[in-house]
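Enquirer: Quick one, fold the following:
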Amino acid sequence: MTELVLPNDTNTLGNMLGGRLMHLIDIAAAIAGARHSCKVAVTASVDELNFLHPIKLGEVVILRASVNRVFNTSMEVGVKVFAQNLRNGNLTHANSAYLTFVALDDNGIPCKIEPIHPGDETEKRRYREALERRERRLQHRKHQYKRK
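Expert: Predicted structure coming up:
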């Protein structure tokens, strides 16, 4: 997904608003999840969102989303965000995020998703790391419910 940062997308410093970028990340991830599952994919959680570099007014935002792993009815989608300066062509890694999506059937009920089959070494690494992140998410959720 590619977007141009316009004045309405920025704060008083000329940097893209974090909420606007989160919106784009959610859309890019939802599209990746829906394309993989051939279902409506809804956001279940965002467990990590790192703002590494500001994105400036007039720069192009490039979002690359991929399904890292499927877990029955849910899937982890990773989104990597780049900012490109159109004057010099420089590309900067600006943000990374991991989101969990659930695929819904026509009745709004979570449904089984076909697994992914990682091919190259990068896909295999993302696949392995997605399981580690899922285990941390489940542990975190378990501790949250114990406190209530």
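
Enquirer: where does Gly119 land in three-state SS?
Expert: coil (DSSP: H, G, I helix; E, B strand; the rest coil).

Enquirer: For it, give me the pLDDT.
Expert: Gly119 is assigned 94 on the pLDDT scale.

Enquirer: Lys142 too?
Expert: 77.

Enquirer: What's opposite the residue sitting nearest the centre point of the chain in the beta bridge?
Expert: Centroid-nearest residue in the chain: Val79, 3.7 Å away (criterion: Cα atoms, centre = their mean). Val79 forms beta bridges with Ala65, Ala97, as assigned by DSSP bridges.

Enquirer: which helices and strands sit right next to the lowest-mean-pLDDT helix or strand in the chain?
Expert: The weakest-scoring helix or strand in the chain, judged by mean pLDDT, DSSP states H and E, is helix 121-147 (a mean of 87). Helices and strands touching helix 121-147, as assessed by 3 or more Cβ pairs under 8 Å, 6 or more residues apart in numbering; DSSP states H and E, comprise strand 40-51, strand 60-71, strand 74-84, strand 91-104. Where C-beta positions appear, they are placed from N, C-alpha and C, glycine not excepted.

Enquirer: Residues in contact with the first one: which ones?
Expert: In other words, strand 40-51. Residues outside strand 40-51 that contact it (Cβ atoms under 8 Å, 6 or more residues apart in numbering) are 18, 21-22, 25-26, 29-30, 33-34, 74-75, 94-104, 133, 136-137, 140.

Enquirer: Buried members of the residues you listed into PyMOL, please.
Expert: The PyMOL selection below is limited to those of the contacts of strand 40-51 classed as buried (16 or more other Cβ atoms under 10 Å):
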select buried, resi 21+25+26+29+30+33+74+75+94+95+97+98+99+100+101+102+103+104+133+137
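
Enquirer: tell me which element Leu21 falls in.
Expert: Using DSSP states H and E, Leu21 sits within helix 18-37.

Enquirer: pLDDT score assigned to the nearest residue to Arg136 once chain neighbours are set aside?
Expert: With Cβ to Cβ, 6 or more residues apart in numbering as the measure, Asp47 is the residue that lies nearest to Arg136, at 7.8 Å, once sequence neighbours are left out. For Asp47, the model assigns a pLDDT of 85.
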